[in-house]
Structures are given as structure tokens and as C-alpha cells.
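Trainee: I would like to see how this sequence folds:
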Amino acid sequence: MIIRKLYRFENAHIVRQCTSRRCSRSIHGHSYKVELLFASSSLDRGQMVYDFGLTKGMIKEFIDSFDHSITLWSGDDPDYLADMKRWSERWVQLPVNPSAEQFARTIFLIVDRVIEQTKMVNGETDVRLDGVIVHETDTGYARAGRSDAYNSTMGPTNIDTIVFSQRVMDEWTNPEMFKELLSGKVFVNPTSV
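Mentor: Sure, this is the predicted structure:
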């Protein structure tokens, strides 16, 4: 069984080296919609794959990191990166160009790690992230599955090199959550949300 959870965020970026001049040479923004698809071969005590209420914590906060932010590519011009960081409190720097495809891969990697490191407490078994769909516009989206997210020929897949601005981290319930995620900390789901 597969369930879907939808998130939204507003974000600005430049996608360097793409064909479209408007996208590759001008900062522009999108109203993104992100669909997370969770799968399991069994149901929990509430007869659910995964309670939607549980997706409103750490997962939502990571996705919300991109809201009203500019997403930067670490391989971009150093002067551009410095200027964007100087003039925007909220930014996220990725090791890949911030296309819809790379957003889908990046979000998959982060959420997959959250699920892997979460101790389930309501009888959930075999809960896994099946896919991430990132709608950049009403007419265009990118979908990443596990094989896409971990495919190094599509760009670096190490989330250790993602950088969230201090302002983004300060707005999280736990400003240390990304460090804790990278360190392998086990997170325990609440018994009630």
C-alpha cells in the first residue's frame, strides 16, 4: 500500500547550464508542491501505513527549510554564492544544481534517512519512502525513486554536504536536528501527536 503526503513551499533559484536562458541566468522563483509517497506491506495498530500526523514533525521542518529561501548550488560562482548569502537570511546550499530533478533526489535522501533512523512505536513495520514528486509548475514535475536518489551518475548524493543557513536552522524546533540526523541518532516517534 502507498500513501501520499503533500507539502508546499516558495523558493528561488538559478539552474546553471540548463538550456533555458531565463532559468540559467536569472534568479526566479516557483510555488513548489512536494509529494512524498510512503509504502508498507502491513498496517499499524490504527490500520494505517504511517499516520499523517507523524509527517508534520521533522519531515515537514526539513521541507519547510526551502520555503521563502533561495537554493544555491555549491558549484556556482563564489561571488554569487557570497552575495546571495549576504542578502538572504534563508538559504540552502546543495552539492547539486537546484533543478526539480535534484530537489526530488535531495528531498528523497533526507526523508529516507529520517525514516531509516526513526523508531516506530505504533506497530508500523516495513515503512519506506517509495518516491518523491516535486512539482515546479502546474505543468511540470520530477519524480525520484530510490534508484534515482542514490544514483551517483546524476550528481553527488552525499547529504553531508548540504548546508542550511543559520536562520533556517534557528527556526527548527530542534536547531541541531540536521547534525543529529547526520550523526546517525535514532529518533523515537511520539505515542501521540
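
Trainee: determine the longest helix present in this structure.
Mentor: In the chain, assigned by DSSP state H, the helix with the most residues is helix 100-116.

Trainee: could you give the average pLDDT over stretch 8-17?
Mentor: Mean pLDDT, stretch 8-17: 97.

Trainee: so how far is His30 from the spatially most central residue of the chain?
Mentor: By C-alpha atoms, centre = their mean, the mean C-alpha position of the chain lies nearest to Ile107, the distance being 2.6 Å. Computed as C-beta to C-beta, to the nearest Å, the Ile107 to His30 distance reads 14 Å. Where C-beta positions appear, they are placed from N, C-alpha and C, glycine not excepted.

Trainee: quick one: the strands in this protein?
Mentor: Along the chain, the segments classed as strands by DSSP state E run 2-13, 28-39, 69-73, 91-94, 118-119, 128-135, 141-144, 163-164, 187-188.

Trainee: how about Lys85, what does it touch?
Mentor: Counting by C-beta atoms under 8 Å, 6 or more residues apart in numbering, Lys85 touches Leu72, Trp91, Ser165.

Trainee: need the residues that contact the lowest-mean-pLDDT helix or strand in the chain.
Mentor: Scoring the helices and strands of the chain by mean pLDDT, DSSP states H and E places helix 21-25 at the bottom, with a mean of 94. With contact meaning C-beta under 8 Å, 6+ apart, helix 21-25 is reached by Ile14, Val15, Arg16, Gln17, Cys18, His28.

Trainee: ramachandran coordinates for the fourth one?
Mentor: Which is Gln17. When read as degrees, to the nearest 10, the backbone of Gln17 gives phi 70, psi 10.

Trainee: just give me the neighbour total for it.
Mentor: When neighbours are counted by other C-beta atoms under 10 Å, Gln17 registers 10.

Trainee: thinking again about what came up before, any chance of CSV for the contacts of Lys85, columns distance to Glu101 and pLDDT?
Mentor: Converted to CSV, the contacts of Lys85 look like this (distance: C-beta to C-beta, whole Å; pLDDT from 0 to 100):
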residue, distance to Glu101, pLDDT
Leu72, 16, 98
Trp91, 20, 98
Ser165, 23, 98
